[in-house]
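> A structural model of the following input is requested.
(chains A and B)
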Amino acid sequence: MGRYIARKLVVLPIVMIGVSFIIFFVVRAIPGDPARLMAGTEATQEQVMAMRRQLGLDRSILFQYGVFLQGAVRGDLGNSINSGMPVVGEISRRIPYTLQLTFAALLVASVLGISAGVLAAVYKHSWVDQGVMLFAIIGASAANFWVALMAMSVFSVQLGWLPLFGADTWRHMVLPTFSLCVYPLALIARMSRSSMLEVVKQDYVRTAQAKGVSKFVVYTKHALRNALIPVITLVGLHFGVLLGGAVVTETVFSWPGVGRLLVDAVRYRDYPIIQGTVLFTVLSVVLVNFLVDIVLAAMNPRMRFD
Amino acid sequence: MKRADRGFRKPTMPLALRRRNVLIGGALISALLLISALAPLLAPVDPLEQNLRHAFQSPSRDYPFGTDQYGRCILSRVIHGARISLVEVSVAVGMAMGIGVPLGLTAGYFGGRIDQLIMWTLDIIFAFPGMLLAILIVSVLGPSLFNMLIAIAIFSIPVYGRLCRNLTLNIKQMEYVEAALAIGAKSYYIIFRHILRNAVAPLLVQATLTAGGVILTAASLSFLGLGVRPPTPEWGAMISTGRSYITIAPHLSLFPGLAILFTVLGFNLLGDGLRDLLDPRLRGS
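The predicted structure is shown next:
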């Protein structure tokens, strides 16, 4: 196991450098001169040139990347063009909100999705199974911002049970979490069902049943542990999808997270913020996938030797 | 009476039509195609025609889906939106396949360093959450329908690249490929004549399955103001407009959202059904 983790740890910085390289160059391709943007519309040519020197934009692009990487390692991603504040400060103020929302959605989707999927597999072809599958196929087809708006219309506007916008109390979290978790919930339920149905066909499950082990123990102890392997992979992969989806959900509910910061930055061409938020998000996804690999390897020893 | 007791019975319908998913999905997508083709005939009025005196009307006999803030007929806009959705799917999926499939074929057929290089590139693209990569690309290219589709195509390339590489690796081991090699067939002949031909069916299934995702991402980008801009009747953009009036006129968002739901549902069901059909293990179930 130690060797497996070590091997993965070697690849991790390579992927991170590759990702930062792409983000740096793509952001540099954004039209418009950042020096002019930062100096302001009324700045003279000399002031713009001075700003270019200050930002290091007069040096070669590779040199600039080196400076960027050095800064990133030290936790310095430059300053926002809009507010003039350090990018790291802007992002770290928003991170708790985005993580709160993403983890809540992932938790609800995993707990409900796995339970619904297992129930559907245990009661195959019953109304429970059909209900779960119907929800799964519809849930995977609805746009999450539309679900959010419809939920707002019913629960906030018509019934008045939950607040429309903001992020002050737990009640503000209910609708964003719900709308963000519908899609992964649908996929997790479906995957858990099919994975469980595949596992219960295995010999060791039949052996356990033949030994007279109760149905509950067979499903929870013997089958579920193996059936969860593809489900955990899916949950891990969905962390990234959720962070992407959070961009839209945060916009709908005016949730002060990293996603909304990114959308605003794109509108105002605040390229240090775009760079920082994308870098933060992609690196979190890479890190979570790394952790998922470790958990999977711990659950399934065969994976360590792939 | 159980199925086996009835003895052998000649199938009365083609296999594809006997699967519920293919049937429902196919019907929904056929409806989308039909609505797109006949949009000018089906839409009661011009989707851009404003009538401020009729603004914010709830669904009624005159306006079955109601009207928006400019008094435009939402039904007409939803009908015309079907055309834009079809363009989105065909262009984005077409571009992603056009680049991903040749990359996958090359990686799988030639192997070695080329394979490694292509797969590394695809893996790095794959590390980005699709939505985020699309936002990043649109911020470089500027918000428009075509730029949004380029962004969606770029993050979909790895899906086709990886699938096509795996298919190529499998097909390459078939005896008919070995036979072709033995009689001295050229690489391009084997790739196009044997490998690509046999990979077409699973690739098309994948295309159907990704089509739903394309529509959802395109709608999300337009919702954020990074894709199609108003007044074009794109479903995501229409929902975005409806957001401002959600407290007084939820129907502005309701109907375009339902249109997205049924279209994506159609593609998902059709893709699922076709995939099951191609998998011999599932055919009897």
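> indicate whether stretch A:185-204 makes contact with chain B.
No. Figure legend: stretch A:185-204 not in contact with chain B (CB under 8 Å from any CB of the partner chain); closest approach 9.7 Å. Yep, even glycine has a C-beta here, placed from its N, CA and C like the rest.
> for that stretch, give the mean pLDDT please.
For stretch A:185-204, mean pLDDT is 89.
> show me where pLDDT drops low in the chain?
I went with chain A, as the question did not name one. By pLDDT under 70, the weakly predicted segments of chain A are A:302-306.
> switch to chain B, that's the one I care about
Residue ranges of chain B with pLDDT under 70: B:1-18, B:279-285.
> residue 74 - how many residues pack around it?
Went with chain A since none was named. Neighbour count of A:Arg74, defined by other CB atoms under 10 Å in any protein chain shown: 9.
> could you do chain B instead?
27.
> for it, which non-adjacent residue is closest in space?
In this structure, B:Ile74 finds its nearest non-sequential neighbour in B:Phe65, 3.9 Å apart by CB to CB, 6 or more residues apart in numbering or on different chains.
> and stretch B:225-244, what's buried?
For stretch B:225-244, burial by neighbour count (16 or more other CB atoms under 10 Å in any protein chain shown) applies to B:225-228, B:231-243.
> which SSE is A:Val295 in?
Secondary structure assignment for A:Val295, by DSSP states H and E: helix A:271-299.
> residue contacts, the most centrally placed residue in chain B?
Geometric centre of chain B, nearest residue: B:Ala211, 1.1 Å, by CA atoms, centre = their mean. Taking CB atoms under 8 Å, 6 or more residues apart in numbering or on different chains, we find B:Ala211 in contact with B:Val89, B:Val93, B:Phe267, B:Gly271.
> any idea how far the last one is from B:Ser156?
Summarising the geometry, the distance separating B:Gly271 from B:Ser156, computed by CB to CB, to the nearest Å, is 14 Å.
> which strand or helix spans A:Leu164?
Under DSSP H and E, no helix or strand contains A:Leu164.
> that one and A:Val285: what is the separation?
Counting by CB to CB, the gap from A:Leu164 to A:Val285 is 30 Å.
> quick one: residues contacting B:Met131.
Listed by CB under 8 Å, 6+ apart, the contact set of B:Met131 reads A:Val241, A:Gly244, A:Gly245, A:Val247, A:Val248, B:Thr217, B:Ser220.
> could those residues go into JSON lines alongside secondary structure and neighbour count?
JSON lines is the format used below for the contacts of B:Met131 (DSSP: H, G, I helix; E, B strand; the rest coil; neighbours: other CB atoms under 10 Å in any protein chain shown):
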{"residue": "A:Val241", "secondary structure": "helix", "neighbour count": "19"}
{"residue": "A:Gly244", "secondary structure": "helix", "neighbour count": "24"}
{"residue": "A:Gly245", "secondary structure": "helix", "neighbour count": "29"}
{"residue": "A:Val247", "secondary structure": "helix", "neighbour count": "28"}
{"residue": "A:Val248", "secondary structure": "helix", "neighbour count": "28"}
{"residue": "B:Thr217", "secondary structure": "helix", "neighbour count": "27"}
{"residue": "B:Ser220", "secondary structure": "helix", "neighbour count": "27"}
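> and which of those is nearest A:Tyr268?
Within these, the smallest distance to A:Tyr268 is 15.7 Å, found for A:Val247 (CB to CB).
> isn't that closest one up against A:Leu262?
Yes. Using CB atoms under 8 Å, A:Val247 is in contact with A:Leu262, at 6.1 Å.
> shared neighbours of these two, which are they?
By CB under 8 Å, 6+ apart, A:Val247 and A:Leu262 have these common neighbours: B:Leu132, B:Ile135.
> what sits against B:Leu41?
No contacts exist for B:Leu41 under CB under 8 Å, 6+ apart.
> returning to that earlier point: I'd assumed B:Gly81 was in contact with the residue nearest to B:Ile74.
No. Using CB under 8 Å, B:Phe65 is not in contact with B:Gly81; the gap is 11.3 Å.
> among the two, which residue is more densely surrounded?
Comparing B:Phe65 with B:Gly81 by neighbour count (other CB under 10 Å), the higher total belongs to B:Gly81, at 29 against 24.
> what about the more buried one, which helix or strand?
Using DSSP H and E, B:Gly81 falls in helix B:74-110.
> check A:Asp264 too.
Using DSSP H and E, A:Asp264 falls within helix A:258-267.
> between that helix and helix A:271-299, how many degrees?
Interaxial angle of helix A:258-267 relative to helix A:271-299 (axes from the mean of the first three to the mean of the last three CA atoms, to 10 degrees): 150 degrees.
> close to chain B, is helix A:258-267?
Yes. Residues of helix A:258-267 contacting chain B under CB under 8 Å from any CB: A:Leu262, A:Val263, A:Val266, A:Arg267.
> mind listing what's buried in that helix?
Under the neighbour-count criterion of 16+ other CB under 10 Å, helix A:258-267 has A:Val258, A:Gly259, A:Arg260, A:Leu261, A:Leu262, A:Val263, A:Ala265, A:Val266 buried.
> where's the residue lying closest to the fourth one once chain neighbours are set aside relative to A:Pro163, distance?
When you say that, I think you mean A:Leu261. Of all residues not flanking A:Leu261 in the chain, A:Arg94 sits nearest, at 5.2 Å (CB to CB, 6+ apart). Distance of A:Arg94 to A:Pro163, given as CB to CB: 20 Å.
> which one of these two is surrounded by more residues?
It is A:Arg94, of A:Arg94 and A:Pro163, that has more neighbours when counted by other CB under 10 Å, with 21 against 18.
> who touches the more buried one in this structure?
Counted by CB under 8 Å, 6+ apart, A:Arg94 has contacts A:Pro256, A:Gly257, A:Val258, A:Arg260, A:Leu261.
> do A:Thr41 as well
No contacts exist for A:Thr41 under CB under 8 Å, 6+ apart.
> could you tell me which residues of the stretch 151-300 of chain A lie near chain B?
Residues of the stretch 151-300 of chain A lying near chain B (CB under 8 Å from any CB): A:152-153, A:157, A:164, A:240-241, A:243-245, A:247-248, A:251-252, A:262-263, A:266-267, A:269, A:274, A:278, A:281-282, A:285-286.
> can you give the domain ranges for chain A?
A:2-73, A:91-305 (automatic domain parsing).
> to A:Gly84, which of these lies closest?
domain A:2-73 (8.6 Å).
> how far off centre is that closest one?
On the basis of CA atoms, centre = their mean, to the nearest Å, domain A:2-73 sits 24 Å off its chain's mean C-alpha point.
> surely A:Ala142 touches B:Ile260?
Yes. If you go by CB under 8 Å, A:Ala142 and B:Ile260 touch, sitting 7.5 Å apart.
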